[in-house]
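[1] need a structure here:
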Amino acid sequence: LASGETLFWLNPGGEGESAYFRLWISNSPKYAFGFTGFKVAQDSTVVAGQVLFAGNFTHRAPRLSRVLFGITG
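    So this is what the prediction gives:
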């Protein structure tokens with residue numbers, strides 16, 4: 001099996017309603033890039049937080065885009 005790179009040639013379409021790409025974001029404030037707040041780690045001074053996202057990324061006209069496989073130098 002030959003290895004190589006993959007090239008995605010994506011056609012975004014027009015602007016507004018005629019765009020091919022659509023990003024649907026959750027109606028819940030928690031999952032629409034909501035921040036959970038900082039959480040303290042056990043036995044450490046490190047804190048971390050999470051940004052939550054739930055949604056769909058769709059392409060309405062995939063026939064107008066291309067994917068090329070196995071591209072080598």
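
[2] touching, residue 33 and residue 53? I think so.
    Yes: with contacts counted by CB atoms under 8 Å, residue 33 reaches residue 53, the gap being 5.5 Å. The way it works is simple: take the backbone N, C-alpha and C, and place the C-beta from them, glycine included.

[3] overlap in contacts of the two?
    Here residue 33 and residue 53 have residue 25 as joint contacts, going by CB atoms under 8 Å, 6 or more residues apart in numbering.

[4] now do the same for the residue of the chain most remote from its centre: helix, strand or coil?
    Using CA atoms, centre = their mean, the residue of the chain lying farthest from its centre is residue 43. It sits 34.1 Å away. Of the three states, residue 43 takes coil under DSSP: H, G, I helix; E, B strand; the rest coil.

[5] strands of this structure, residue ranges please.
    Per DSSP state E, the chain carries strands over the ranges 5-9, 21-25, 32-40, 47-53, 55-59, 66-71.

[6] redo these as a markdown table? Include mean neighbour count, mean pLDDT and distance to residue 15.
    Output for those, formatted as a markdown table (neighbours: other CB atoms under 10 Å; pLDDT from 0 to 100; distance: least, CB to CB, whole Å):
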| stretch | mean neighbour count | mean pLDDT | distance to residue 15 |
| --- | --- | --- | --- |
| strand 5-9 | 9 | 92 | 19 |
| strand 21-25 | 11 | 92 | 11 |
| strand 32-40 | 11 | 93 | 23 |
| strand 47-53 | 10 | 94 | 24 |
| strand 55-59 | 11 | 93 | 16 |
| strand 66-71 | 10 | 91 | 22 |
